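Q: sharing a model that was predicted from the sequence below.
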Amino acid sequence: MIGRIISISELNVKIFLYDGKSVNVKDILKATLKDQVYRFEVVSIDDDIITTIPFDSVIGLKKGIEVSEYSKTLDIEYSDKVLGRVFSSYGEPIDNHPIESVHKKGVYEKNLNLEEVDVNGEILWTGIKVIDFFCPLRKGFKMGLLGGAGVGKTVLIKELIHNVYMTLKSNAVFVGVGERSREGKELIDEMTEADLLKNMSVVFGQMGENSTSRSKAVYSGLTLAEYLRDEKKNDVLLFIDNIYRFVQAKSEISNELKNVPVENGYPTTMISDVSDVEERINSTGDGSITSFQAIYIPADDMTDEAVQTVMSHLDGQLVLDRKVAEKGIYPAVNIFKSTSKSVDVDVIGEKHYKLIEDTLKYLTRYDELEEIIAVLGIEELSEEDKNIFYRSRKLRNYFTQPMFVAENYTNIPGKFVKIEDILIDVENILTGVYDKEDESKFLFIGDYHGSFVQS
């Protein structure tokens with residue numbers, strides 16, 4: 001025994017350290033009461049008083065209970081046994097199948113130095129038209145998926161898991177931070193039904209669990225992704241839903257520890273907390289971790305400090321907009337706010353770059369024309385503006401897409417569209433090849449030119 005509990009609150013358990021005993025920050029301690037084990041992680045040491053955060057509920061704990069060492073750090077399985085498994089934030093299997101450990105690794109360990117990082121990854125095509133055309137990804141990218149509640153973040157992440165595995169057979173790690181239990185169960189069932197779970201690892205820090213659990217899920221998920229990248233030499237997809245909940249959990253812990261927050265209630269360590277996570281998402285010459293991070297926007301405020309801190313680490317962003325969703329456009333991507341560092345002539349080629357420019361010009365002019373038509377009517381437009389108006393509506397419809405993971409709800413078969421087909425269709429719309437076609441034919445389809453017969 002190394003000490004005894006002297007105060008208890010929901011996220012703050014203080015322990016008096018016996019003479020001659022020593023512990024380090026991030027050590028795991030335990031207390032046992034009536035066959036129940038309570039675990040705590042050391043967060044600060046002040047002489048003989050240790051401040052810890054509990055892993056689970058503190059109900060039943062009492063002052064005076066003695067505490068002993070549990071382990072030197074939080075760890076998780078680091079072997080082939082992680083594939084097809086579902087873990088808690090603390091690295092324990094929660095899929096009702098025990099795991100015989102081969103090797104474990106601490107979740108806070110970092111393995112890359114500057115010389116090992118590779119920033120020139122290949123383009124990663126997803127088969128989702130609006131992403132591949134406007135915001136192409138590269139291996140090793142960190143892409144944000146921004147949007148308020150109910151605009152389709154989780155559905156898009158599931159579709160990315162499906163599509164990228166379908167083309168690259170890449171392993172994936174899904175980290176649910178603050179996920180609803182029902183959504184987690186649905187995801188696992190859908191991945192099992194699609195025969196994808198065996199190629200994935202899943203970590204859940206569920207919404208109903210305490211802040212400690214939600215704050216640790218990301219570290220456990222990163223460790224699993226690093227195993228697949230560094231030991232298996234794979235290109236790994238890391239999905240974090242939702243990275244904002246990680247910051248939120250850290251804030252709750254900081255407030256409980258009586259640390260003075262900065263403006264808006266975020267902890268003073270927020271920037272370093274986010275950096276510790278983001279700097280572990282990188283590529284090497286042998287493998288890559290490409291991250292898609294859903295970011296909840298509190299009160300739809302894009303200037304929120306936590307959102308801005310996460311975005312400063314990203315290579316691009318997909319912004320899901322409620323106004324787009326209200327028009328029945330899914331994925332509800334706001335193309336004017338969405339960006340990618342890959343939109344560069346040297347990366348995607350001159351043709352693709354020029355088509356993006358022309359499409360954005362058309363859709364920008366379309367917004368202006370909508371206001372004019374509302375006042376004067378479409379008859380007052382010039383012939384050129386009429387062409388822009390009708391072609392833009394076809395473009396807007398074209399970038400909708402039926403999702404494989406939504407087939408059960410829409411009864412529309414999912415579509416994977418190659419970038420070559422997307423470029424042909426967009427060019428044909430812009431140049432008037434499809435002018436005689438009704439705009440409704442472009443809604444929720446894959447490619448169009450394959451079935452188009454010019455009259």
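A: Great, that's in hand. Note that the coordinates shown come from a computational prediction; the quantities given were computed from them, not determined experimentally. Numbers count the residues shown, from 1 in each chain.

Q: can you give me the strands in the stretch 1-150 of the chain?
A: 3-9, 12-17, 28-33, 36-46, 49-54, 66-71, 75-77, 85-88, 104-106, 123-124, 137-138, 142-147 (DSSP state E, counting those that start in this stretch).

Q: what are the contacting residues of the second one?
A: It stands for strand 12-17. Identification of contacts with strand 12-17 by Cβ atoms under 8 Å, 6 or more residues apart in numbering yields 2-8, 23, 29, 40, 45, 48-54, 58, 61, 67, 256-258. (C-beta placed from N, C-alpha, C; glycine too.)

Q: try it again at 6 Å.
A: With contact meaning Cβ atoms under 6 Å, 6 or more residues apart in numbering, strand 12-17 is reached by 3-7, 40, 48-52, 54, 67, 256-257.

Q: switch the strands of the stretch 1-150 of the chain over to TSV; also include mean neighbour count.
A: Output for the strands of the stretch 1-150 of the chain, formatted as TSV (neighbours: other Cβ atoms under 10 Å):
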stretch	mean neighbour count
strand 3-9	16
strand 12-17	20
strand 28-33	17
strand 36-46	17
strand 49-54	21
strand 66-71	15
strand 75-77	23
strand 85-88	21
strand 104-106	17
strand 123-124	19
strand 137-138	24
strand 142-147	26
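
Q: of the ones you listed, which is nearest residue 424?
A: strand 123-124 (17.8 Å; Cβ to Cβ).

Q: quick one: strands adjacent to that closest one?
A: Using DSSP bridges, strand 123-124 pairs in its sheet with strand 137-138 (antiparallel).

Q: next one: the partner strand to chain centre, how far?
A: On the basis of Cα atoms, centre = their mean, to the nearest Å, strand 137-138 sits 15 Å off its chain's mean C-alpha point.

Q: number of nearby residues for residue 368?
A: The number of residues packed near residue 368 is 12, by other Cβ atoms under 10 Å.

Q: ok but it is inside a helix, no?
A: Yes - counting by DSSP: H, G, I helix; E, B strand; the rest coil, residue 368 is part of a helix.

Q: check what pLDDT it gets.
A: Per-residue confidence at residue 368 stands at 90 (pLDDT).

Q: save the strands of the stretch 1-150 of the chain as a markdown table, and put in mean pLDDT and distance to residue 269 too.
A: Putting the strands of the stretch 1-150 of the chain into a markdown table (pLDDT from 0 to 100; distance: least, Cβ to Cβ, whole Å) gives the following:
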| stretch | mean pLDDT | distance to residue 269 |
| --- | --- | --- |
| strand 3-9 | 94 | 20 |
| strand 12-17 | 94 | 16 |
| strand 28-33 | 93 | 20 |
| strand 36-46 | 93 | 11 |
| strand 49-54 | 94 | 14 |
| strand 66-71 | 92 | 24 |
| strand 75-77 | 94 | 23 |
| strand 85-88 | 93 | 24 |
| strand 104-106 | 93 | 20 |
| strand 123-124 | 88 | 32 |
| strand 137-138 | 90 | 30 |
| strand 142-147 | 86 | 20 |
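
Q: to residue 428, which of those lies closest?
A: By Cβ to Cβ (comparing all of these), the closest turns out to be strand 123-124, at 22.7 Å.

Q: what comes into contact with the closest one?
A: 136-139, 290.

Q: try 10 Å this time
A: 131-132, 136-141, 143, 160, 164, 167-168, 170, 235, 237, 288, 290, 342, 347-348, 419 (Cβ atoms under 10 Å, 6 or more residues apart in numbering).

Q: now, which of those residues lie within helices?
A: In helices, defined here by DSSP state H, the members of these are 131-132, 160, 164, 167-168, 347-348, 419.

Q: if you rank those residues by neighbours, which is first?
A: Going by other Cβ under 10 Å, residue 131 tops the ones in helices among the contacts of strand 123-124 with 28 neighbours.

Q: thinking again about what came up before, let me know the closest of the contacts of strand 12-17 to residue 434.
A: residue 256 (59.2 Å).

Q: element containing residue 416?
A: Assignment of secondary structure by DSSP states H and E places residue 416 within no helix or strand.

Q: what about it, how many neighbours?
A: Neighbours of residue 416 using other Cβ under 10 Å come to 18.

Q: for residue 26, what are its contacts?
A: 41-43, 72-74, 106-108.

Q: ok, now residue 220?
A: Here residue 220 is in contact with 74-77, 87-92, 107, 173, 175, 201, 203-205 (criterion: Cβ under 10 Å, 6+ apart).

Q: for it, phi and psi?
A: Main-chain dihedrals, residue 220, degrees, to the nearest 10: phi -70, psi -40.

Q: quick revisit: narrow the contacts of residue 220 to those that are buried.
A: 74-77, 87-91, 107, 173, 175, 201, 203-205 (16 or more other Cβ atoms under 10 Å).

Q: residue 119 and residue 222: what is the separation?
A: With distances taken as Cβ to Cβ, to the nearest Å, residue 119 is found 19 Å from residue 222.

Q: more neighbours: which of those two?
A: residue 222 (27 against 10).

Q: dump the residue contacts of that one.
A: 76, 107-110, 173, 175, 203, 238, 240, 276-278, 280-281, 289, 291.

Q: now the two most distant members of the ones in helices among the contacts of strand 123-124.
A: Of all pairs in these, the most separated under Cβ to Cβ is 160 and 347 at 19.9 Å.

Q: okay, stretch 310-329 in CSV with CA atoms only?
A: Presented in CSV, the C-alpha positions along stretch 310-329 are these (Å, rounded to 0.1, in the frame of the first residue of the first chain):
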residue,chain,number,x,y,z
VAL,A,310,-8.2,21.7,-34.0
MET,A,311,-8.5,23.3,-37.5
SER,A,312,-5.0,24.7,-37.2
HIS,A,313,-3.6,21.2,-37.5
LEU,A,314,-5.8,20.1,-40.4
ASP,A,315,-4.8,19.7,-44.1
GLY,A,316,-8.3,20.4,-45.2
GLN,A,317,-11.9,20.6,-44.0
LEU,A,318,-15.3,19.4,-45.2
VAL,A,319,-18.0,21.7,-43.9
LEU,A,320,-21.5,20.2,-43.6
ASP,A,321,-24.1,22.9,-43.7
ARG,A,322,-27.7,22.8,-42.4
LYS,A,323,-28.8,25.2,-45.2
VAL,A,324,-27.6,22.7,-47.8
ALA,A,325,-29.3,19.8,-46.0
GLU,A,326,-32.5,21.7,-46.0
LYS,A,327,-32.5,21.8,-49.8
GLY,A,328,-32.3,17.9,-49.8
ILE,A,329,-28.6,17.9,-50.9
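
Q: can you give me the buried ones in the lowest-mean-pLDDT helix or strand in the chain?
A: Every helix and strand of the chain was ranked by mean pLDDT, DSSP states H and E. The lowest is helix 181-193, at a mean of 80. For helix 181-193, the neighbour count (16+ other Cβ under 10 Å) marks 184, 187-188, 190-191 as buried.

Q: since that was my last question, I'll sign off now.
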